[in-house]
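Asker: Predicted structure and sequence below. I'll ask about it afterward.
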Amino acid sequence: MNLCLPHCQVCARSHWPSREICPHCLGHEIQWTEIESSGSVVTATLLHHSLEPRFREHLPVCVATIQLDCGVCVLVYLEPGDLAIGNRVIVSTGTGPTGQEALVAKSVTR
Ligand SMILES: [Zn+2]
């Protein structure tokens, strides 16, 4: 399943988070557009401690920044075995560690 991101009709670039005007050219013609959800791990960290009680039973949790192939970076939950920098992943909507809706990424090799 592909993701949808705000896409500027003036400069033809996507952005995230969503804004009413384009952060690249200040254009106002923004349309949600389906994008390819493939990308690469830029940074990743494995959280072993949390001040949030609802996370404690799910630790460790891996959180990563993914640079999508369209250039946009998103924050996702990732399987700990997939956290190598440069690892190719597919991003989708899914379920986070506590059951909330979130962006998740899986390695393309799985
Ligand atoms: Zn623009």
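Answerer: Ah, there it is.

Asker: so where's this protein shaky on pLDDT?
Answerer: Counting by pLDDT under 70, the ranges of the chain that qualify are 1, 110.

Asker: tell me the domain boundaries of it?
Answerer: Here the domain assignment for the chain is 1-35, 36-107, based on automatic domain parsing.

Asker: The longest one and the ion, are they touching?
Answerer: Same thing as domain 36-107. No - Domain 36-107 is not in contact with the ion by CB under 5 Å from the ion; minimum separation 12.3 Å. Bear in mind the C-beta positions are built from the backbone N, C-alpha and C, glycine included.

Asker: and what of stretch 12-32?
Answerer: Yes - counting by CB under 5 Å from the ion, the ion is contacted by stretch 12-32 at C22, H24, C25, G27.

Asker: Now the element after the longest strand belonging to the chain, going C-ward?
Answerer: Assignment by DSSP state E gives strand 38-47 as the longest strand of the chain. Using DSSP states H and E, the helix or strand that directly follows strand 38-47 along the chain is helix 53-56.

Asker: Put the alpha carbons of the helix or strand following that next one into CSV.
Answerer: The element immediately downstream of helix 53-56 (helix or strand, assigned by DSSP H and E) is strand 61-68. Presented in CSV, the C-alpha positions along strand 61-68 are these (Å, rounded to 0.1, in the frame of the first residue of the first chain):
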residue,chain,number,x,y,z
VAL,A,61,11.2,0.0,20.9
CYS,A,62,13.1,1.0,17.7
VAL,A,63,12.3,4.5,16.3
ALA,A,64,13.9,5.5,13.0
THR,A,65,14.0,8.4,10.5
ILE,A,66,13.4,7.2,7.0
GLN,A,67,14.2,9.3,4.0
LEU,A,68,11.6,8.3,1.4
